[in-house]
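Asker: the following comprises the amino acid sequence and a computationally predicted model.
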Amino acid sequence: MIAAHIQTEICPHPNEVDRKRIEKTLAERERYKYVAPKVSPDIEGYLVRSPCCSRSVDPEGGEIDIARIEYQSGDFWRLYQKDDEHNRWKPHSEYLSLAALLARLIADPKKEFWR
């Protein structure tokens, strides 16, 4: 009898090295530099949360969802934006590198994430 070889694909994300890299890069953002966002592992990616400084989402200034970063099996990254009205994540954009995604997230020219 020939033993069947089953190859299991293991997702490299989340991992602690990239989580720390994301956290460090977020410190370079242009908006709300006086708060410290948290980066947590999430399914195949990372969740970014931060205190709500503008109080536009949470009048109490509590912690809100900023972005979800997800590694895709096609070797690219997807950035998700929070739809506060429906309390769900919606795909925002895709990037070939984590660095490119983070550059977009920290610039946030339309205040789509740091709100």
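Answerer: Here it is on my side, so go on.

Asker: helices or strands next to whichever strand or helix holds Val39 in the packing?
Answerer: If you go by DSSP states H and E, Val39 is part of strand 38-42. Secondary-structure packing of strand 38-42 (3 or more Cβ pairs under 8 Å, 6 or more residues apart in numbering; DSSP states H and E): helix 16-26, strand 45-51, strand 63-72. In short, each C-beta sits where N, CA and C put it, glycine included.

Asker: thought Val48 was touching Ile22?
Answerer: Yes: applying Cβ atoms under 8 Å, one finds Val48 in contact with Ile22, separated by 7.3 Å.

Asker: what about this structure, any weak spots by pLDDT?
Answerer: Filtered on pLDDT under 70, the chain yields the residue ranges 1-9, 55, 59.

Asker: do that again at 90, thanks
Answerer: 1-13, 29-36, 43-44, 51-64, 73-74, 84-85, 111, 114-115 (pLDDT under 90).

Asker: that older thread, nearest to Ile10, out of the helices and strands packed on strand 38-42?
Answerer: Judged by Cβ to Cβ, the one of the helices and strands packed on strand 38-42 that comes nearest to Ile10 is strand 63-72, at 11.7 Å.

Asker: parallel or antiparallel, which strands does that closest one pair with?
Answerer: Applying DSSP bridges, strand 63-72 is found paired with strand 45-51 (antiparallel), strand 76-83 (antiparallel).

Asker: give the buried residues for it.
Answerer: 64-71 (16 or more other Cβ atoms under 10 Å).

Asker: can you check stretch 11-25 too?
Answerer: 13-14, 18-19, 21-22, 25.

Asker: just how off-centre is that stretch within its chain?
Answerer: 10 Å (Cα atoms, centre = their mean, to the nearest Å).

Asker: next one: stretch 101-115
Answerer: 11 Å.

Asker: residues in contact with that stretch: which ones?
Answerer: 22, 25-26, 28-32, 48, 50, 52, 54, 56-57, 66-67, 69, 77, 79, 81, 92-93, 95 (Cβ atoms under 8 Å, 6 or more residues apart in numbering).

Asker: now do stretch 36-44
Answerer: Outside stretch 36-44, the residues that reach it (Cβ under 8 Å, 6+ apart) are 11, 13-14, 19, 22-23, 26, 46-50, 63, 66, 68, 70-72.
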